[in-house]
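Colleague: The following block contains a protein sequence and its predicted model.
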Amino acid sequence: RVHFLEAGRTVGCREEELIPASDPWIANKYEFRDKVICNRTLMVQGEIIAEKGDSGEVEKIIKQQGREVLYHIRFSGRVFRIPESVLSAPEAAMTDPQRAVDQ
């Protein structure tokens with residue numbers, strides 16, 4: 001729980017949602033358990049792990065000062081470390097005209 005003294009409120013939080021007050025803030029697009037869409041086909045050692053347009057779920061957010069935000073994303077029961085630039089929100093993928101052309 002986090003107690004906001006000035007507001008007189010206590011809010012419940014998950015451990016993965018908290019960072020030390022001394023750490024710099026690094027913005028990220030997606031949060032724990034968000035659904036995301038893959039922007040391109042991803043492969044590991046020649047094996048396709050996610051096709052362009054596949055849906056996944058955020059398991060963990062990895063932030064490092066001066067680097068792109070990474071996520072642990074679950075695709076088809078397996079978890080992979082994926083950069084933020086490769087992901088879209090599901091509603092963004094549905095309205096992207098280029099995605100319709102690529103399919």
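Modeller: Thanks, I have the structure now. Numbering: from 1, shown residues only.
Colleague: for the chain, what spans make up the strands?
Modeller: Listed in chain order, the strands found in the chain under DSSP state E are 2-4, 9-11, 35-38, 42-44, 47-50, 55-62, 70-75, 78-83, 87-88.
Colleague: Mind listing the strands the last one pairs with, and their directions?
Modeller: The strands beside strand 87-88 in its sheet (DSSP bridges) come out as strand 35-38 (antiparallel).
Colleague: Now do the partner strand: distance to the chain's middle.
Modeller: On the basis of Cα atoms, centre = their mean, to the nearest Å, strand 35-38 sits 8 Å off its chain's mean C-alpha point.
Colleague: Ok, stretch 33-47 next?
Modeller: Using Cα atoms, centre = their mean, the offset of stretch 33-47 from its chain centre is 12 Å.
Colleague: so how far is Val36 from the spatially most central residue of the chain?
Modeller: To find the centre residue of the chain, average its C-alpha atoms and take the closest one (Cα atoms, centre = their mean): that gives Tyr30, at 4.2 Å. Spatial separation of Tyr30 from Val36 under the definition Cβ to Cβ, to the nearest Å is 6 Å. To be clear about C-beta, it is placed using only N, CA and C from the backbone, and glycine gets the same treatment.
Colleague: what touches both of these two?
Modeller: Contact with both Tyr30 and Val36 is made by residues 58, 71, 87, 89, according to Cβ atoms under 8 Å, 6 or more residues apart in numbering.
Colleague: Could I have the buried ones of these as PyMOL selection syntax?
Modeller: Remark: buried members of these, expressed as a PyMOL selection using 16 or more other Cβ atoms under 10 Å:
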select buried, resi 58+71+87
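Colleague: Among the shared contacts of Tyr30 and Val36, give me the pair with the biggest separation.
Modeller: Tyr71 and Ala89 (12.7 Å; Cβ to Cβ).
Colleague: Between the two, which contacts overlap?
Modeller: Common contacts of Tyr71 and Ala89, defined by Cβ under 8 Å, 6+ apart, comprise 30, 36.
Colleague: follow-up on the earlier one: excluding chain neighbours, what is closest to the residue nearest to the centre of the chain?
Modeller: Leaving aside its sequence neighbours, Tyr30 sits nearest to Val58 (Cβ to Cβ, 6 or more residues apart in numbering; 5.1 Å).
Colleague: Lovely, talk soon.
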